[in-house]
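K.L.:
I would like to see how this sequence folds:
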Amino acid sequence: PILFTQKDALPAITRQEISRLAPTGQASESQVLVVGGAGLVSDAVMREIERLGFSVSRIGTDDILDTAEKVDKFLVYQGYIYHLALKRDIVIFPVELREESIVPSSWVAHWDASVLFTRKDGLPEETARAIRGRATPPDVFIIGGEAVVSSKVESELRALPIDELERIGGAT
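P.N.:
Numbers count the residues shown, from 1 in each chain. Prediction:
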C-alpha cells in the first residue's frame, strides 16, 4: 500500500494504518519504505515509524527524477528476486504535473508498473537510464496529450529498448 505523510510529522491516520497493516518487510530489508529525501520526508518521520516498532529505510532523494529511477530499480530488482513479473511496464508522467501523478499511483502499483517522469520537450537522463537498465524491454505508456508531453519525447522513447509505446491522453 502507498500511504502519505507530512514532511515533519506522521499523520495520525497514517500511523494507525501502518500499525493496522503490520508490514513484514518481506520484499525489502525494512518493514516500511519512505520514498524521497529528507527534504521531502524528514528523519523525524522515520524515527516516529521506528517508535511504532517498525524498521524503516529510505529510497530516493529530494529530486523526483532521481527518486523515480531509484524506486523503479528497487521494484524491478524485487520482481527478479521473488520471480514476479519479469516485464514491468512503465508509465511516463510529465514532471510538471507530478502532483497529479499521485492519484493513479496506487492503480499503477497494482498494475505492476513503475512511474517515471519526463519533461514536456525532452526525456530526462534518469528516465532513459531506467529504461536502458531493464533486462526485458518494457511497454511504455505516456500519460497526457502532446500539450504536456511533446512528440519529441515520443521519438526519444522509441529510440530506447522498449517493446511497445502507447499514449493515453487527450486535449485536457
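K.L.:
Please make it C-alpha for all contacts and neighbour counts, starting now.
P.N.:
OK.
K.L.:
quick one: Glu156 from Leu165, how far?
P.N.:
Glu156 sits 11 Å away from Leu165 when distances are taken as C-alpha to C-alpha, to the nearest Å.
K.L.:
my bad, should have said Val148
P.N.:
Here Val148 is placed at a distance of 17 Å from Leu165 (C-alpha to C-alpha).
K.L.:
partner residues bridging Phe141?
P.N.:
Beta-bridge pairing of Phe141 under DSSP bridges involves Val91, Glu166.
K.L.:
What ranges does this structure have for its helices?
P.N.:
Under the criterion DSSP state H, helices of the chain are mapped to 12-21, 43-51, 64-81, 105-111, 125-132, 151-158.
K.L.:
And the contacts of the longest one?
P.N.:
Under the contact criterion C-alpha atoms under 8 Å, 6 or more residues apart in numbering, helix 64-81 has outside partners 27-28, 35-36, 59-61, 84-86, 88, 114-117, 124, 126-127, 129-130, 134.
K.L.:
From these, list the buried ones, please.
P.N.:
35-36, 59-61, 86, 88, 114-117, 124, 126-127, 130, 134 (16 or more other C-alpha atoms under 10 Å).
K.L.:
now, among those, which is nearest to Pro1?
P.N.:
Distances from Pro1 to these, taken as C-alpha to C-alpha, are shortest for Val35 (12.6 Å).
K.L.:
Quickly list what that closest one is bridged to.
P.N.:
Going by DSSP bridges, Val35 is paired in beta bridges with Ile59.
K.L.:
how much space between it and Glu166?
P.N.:
From Val35 over to Glu166 (counting by C-alpha to C-alpha), the distance is 27 Å.
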